[in-house]
Structures are given as C-alpha cells and as structure tokens.
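Participant: Have a look at this prediction, sequence included:
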Amino acid sequence: MSEEILTHLIPSITVTQEPIMYSLRLTYPVGSFLLSTGILPAICWGIVALWIIVMIKRLDVYQKRQHELILQLERQQAMMAIQEVSIQEAERKRIAADIHDEIGSNLAAIRVNLQSLHYRTAQDEQKASSLLQLVDQTSQNVRRAAHNLVPPLFGHIPLTDILQSYFSLLRTPEVLFHFCSNKYHPCFDARQELMLYRIVMELTTNIIRHSRASAATIQLLYFPEYLEILVEDDGIGLPLNGRPSGIGLSGVKTRVKSLGGQMHIDSGISGTTFIIHIPVIPQHAAPC
C-alpha cells in the first residue's frame with residue numbers, strides 16, 4: 001500500500017528492490033601525480049645509482065681477478081727462470097768436472113811421457129821443451145776454464161775474495177779491469193751468490209767481447225737492505241737499437257729477475273754503466 005501511494009505522489013521515481021551501485025572514476029592521472037610529487041624521478045635515479053654500483057662492483061671484481069692472474073703469471077715466469085738457471089748451473093758443474101777430470105788428466109799424462117823420453121839430439125830436446133811449455137799453458141787454460149765454470153772454493157770463501165782473485169789474475173791486452181768492494185756481508189746463500197758471480201762474469205765477458213773499452217771498473221757495494229753491483233766501461237756503448245748482440249745480457253736479466261732485483265743501463269758513446277740492485281729483505285732470509 002505504501003509503494004502505491006509513493007508511486008502516485010512521485011510518478012517519476014521507480015522503486016526497485018535491487019541494491020544501488022556506485023562507480024568512482026579517478027580523474028587525476030597517476031603519472032602526473034608521481035611527477036608532481038617527485039617520486040618518479042627519485043625512483044629513476046635510484047635505479048640508475050643501483051646499476052652504477054653493480055657495474056662498479058663487477059669492474060672491481062674483474063680488476064682483482066686480472067691482478068691475481070698477472071701475479072700468478074709472474075710467479076710462474078720466476079719459477080721457470082729459476083729452474084732454467086738451476087739447469088744451467090748443473091750443466092756447468094758437469095762440464096767443469098769433465099774438463100778437470102778428462103782433459104786435465106790427459107794433459108798431465110802427456111807431460112809425464114814427454115819428460116820420460118830420451119832424445120838423441122839437442123834439437124829434439126828443444127822441441128820437446130817447447131811441447132812441454134805448450135802443455136803447461138794448455139793445462140793452465142783448461143784449469144782457468146773449469147774454475148770460471150765453477151770456482152773451486154765457492155761456498156767456502158767470501159764472494160768478494162773470489163772476484164778479487166779472479167780480476168787480479170785476469171790479463172787481457174785490450175781492457176784493464178779494476179775491482180773493489182766494501183765490507184763483505186753474508187746476506188745471500190751459496191746458490192744466490194753463485195748467481196751474483198755469474199752476473200759479474202757475464203758482464204765482464206760482454207765488456208771484453210763487445211765494448212772495445214780500454215778500462216772497466218766493477219764494484220760490489222753492500223748496504224743493509226740491498227747489494228749494488230756497479231759495472232762501468234769506457235767503450236763504444238750498446239747498439240742504438242737497444243738490443244745488444246749475444247745472450248750474455250739476456251742471462252744477466254734472467255738472473256737479476258730471479259733474485260728479485262732491478263737493473264738500470266746507461267749507455268752512450270763514452271761508455272756503458274750497469275747499476276744492479278739485489279734486495280736483501282724480504283726476498284733473502286740470510287741475516288745481513
């Protein structure tokens with residue numbers, strides 16, 4: 001009854017039993033809202049910063065890995081150089097022993113036989129005397145060659161004494177050698193001192209063969225933290241291309257690197273200077 005009265009009073013309104021539904025439409029754009037409030041630029045900058053941080057981390061990891069690989073390669077090269085030097089030293093000892101035992105013994109036997117012979121004429125005796133002198137000279141050369149390969153008292157007397165004895169007996173018509181050193185310090189073991197001896201010998205040989213020098217000076221200077229080897233000559237200098245002939249300097253560089261040292265070369269028309277520094281600490285454990 002109430003519904004009919006309401007219909008007659010307000011005919012334009014239709015009464016229904018179904019619930020009324022409302023729809024809300026957002027008229028303000030989300031993008032404009034994020035831009036106006038600064039949220040969207042902050043999100044973009046945050047993403048960019050995060051990407052930069054990630055790339056920096058990856059670059060840092062790559063650089064560390066590359067550095068580790070370089071160190072590993074340098075250690076392998078150093079080990080190969082040490083093995084090469086060890087093989088060379090073993091071969092030198094073998095050759096020195098062969099020279100001393102075989103050639104030296106044969107020359108001694110020749111000398112004894114020449115002395116035991118009976119000569120008919122004075123001329124034959126004079127020839128035999130000349131042969132004996134030649135045998136003696138050859139024996140001295142053989143002994144010197146064997147000693148240069150491996151000094152007989154190496155490891156028993158100081159390195160400076162060995163070098164002083166060598167240069168005092170060295171007689172070359174072209175070059176006058178001077179050797180000097182300060183107080184000897186047992187900073188290195190026998191293997192390392194043998195490598196130092198080889199360095200000096202190879203530089204000396206290089207001066208005799210290639211420098212055309214008239215004088216040369218070799219110095220061994222011991223300091224608390226390093227040994228300095230200074231070799232100077234007044235020759236023609238190294239080739240202009242910086243690549244000296246022969247394998248002598250290559251062997252010097254290998255030995256210096258094996259000892260953890262550094263070498264500086266100053267060469268010109270007035271001569272060549274080698275400055276080699278071999279560190280004592282921490283590479284070498286022997287007290288200095």
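Facilitator: Arrived safely, thanks for sending. Small disclaimer: the values here were computed from a predicted structure and weren't measured.

Participant: From here on, just use CA atoms for contacts and neighbour counts.
Facilitator: Fine.

Participant: State whether Cys187 is indeed within a helix.
Facilitator: No. With DSSP: H, G, I helix; E, B strand; the rest coil as the criterion, Cys187 is coil rather than part of a helix.

Participant: Go ahead and flag the most central residue of the protein.
Facilitator: To find the centre residue of the chain, average its C-alpha atoms and take the closest one (CA atoms, centre = their mean): that gives Lys257, at 2.8 Å.

Participant: Just the element for that one, please.
Facilitator: Element membership of Lys257, judged by DSSP states H and E, is helix 248-258.

Participant: Please apply the same query to Val142.
Facilitator: Following DSSP H and E, one finds Val142 within helix 122-149.

Participant: Next, the buried residues of that helix.
Facilitator: Within helix 122-149, the residues that count as buried by 16 or more other CA atoms under 10 Å are 125, 128, 132, 135, 139, 142-149.

Participant: ditto for stretch 102-109
Facilitator: When burial is assessed from 16+ other CA under 10 Å, stretch 102-109 yields the following buried residues: Ile103, Gly104, Leu107.

Participant: Repeat that for stretch 146-161.
Facilitator: In terms of neighbour count (16+ other CA under 10 Å), stretch 146-161 has its buried residues at Ala146, His147, Asn148, Leu149, Val150, Pro151, Phe154, Pro158, Leu159, Thr160.

Participant: Also stretch 206-215?
Facilitator: Residues of stretch 206-215 classed as buried under the neighbour-count rule (16+ other CA under 10 Å) are Asn206, Ile207, Ile208, Ser211, Arg212, Ala213, Ser214, Ala215.

Participant: With distance to Leu50 added, can I get those in CSV?
Facilitator: Below are the buried residues of stretch 206-215 laid out as CSV (distance: CA to CA, whole Å):
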residue, distance to Leu50
Asn206, 61
Ile207, 63
Ile208, 66
Ser211, 63
Arg212, 67
Ala213, 67
Ser214, 70
Ala215, 68
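
Participant: Out of those, list just those in helices.
Facilitator: Those of the buried residues of stretch 206-215 mapping onto helices are Asn206, per DSSP state H.

Participant: In terms of distance to Asn182, which of the buried residues of stretch 206-215 ranks first?
Facilitator: Top of the list for closeness to Asn182, among the buried residues of stretch 206-215 and by CA to CA, is Ala215 at 20.7 Å.

Participant: who's in contact with the closest residue to the closest one other than its chain neighbours?
Facilitator: Ranked by CA to CA, 6 or more residues apart in numbering and with sequence neighbours excluded, the top spatial neighbour of Ala215 is Leu176, at 4.6 Å. Applying CA atoms under 8 Å, 6 or more residues apart in numbering, one finds that Leu176 lies in contact with Ser214, Ala215, Ala216.

Participant: how about 10 Å then?
Facilitator: Leu176 sits next to Phe167, Leu170, Ile208, Ala213, Ser214, Ala215, Ala216, Thr217, Asp233 when contact means CA atoms under 10 Å, 6 or more residues apart in numbering.

Participant: Show me the shaky parts of the stretch 151-288 of the chain.
Facilitator: Using pLDDT under 70 as the threshold, the predicted model of the stretch 151-288 of the chain has low-confidence ranges 152, 240-248, 281-288.

Participant: can we see that at 50?
Facilitator: Counting by pLDDT under 50, the low-confidence segments of the stretch 151-288 of the chain come to 245, 283-285.

Participant: The stretch 1-150 of the chain now?
Facilitator: For the stretch 1-150 of the chain, residues meeting the criterion pLDDT under 50 lie at 1-2, 5-7, 9-10, 12-13, 15-16, 20-28.

Participant: For stretch 183-193, what is the distance to the chain centroid?
Facilitator: Relative to the chain's own centre, stretch 183-193 is displaced by 19 Å; criterion: CA atoms, centre = their mean, to the nearest Å.

Participant: Only the buried residues of that stretch, if you could.
Facilitator: For stretch 183-193, the buried set under the neighbour-count rule, 16+ other CA under 10 Å, comprises His185, Cys187, Phe188, Glu193.
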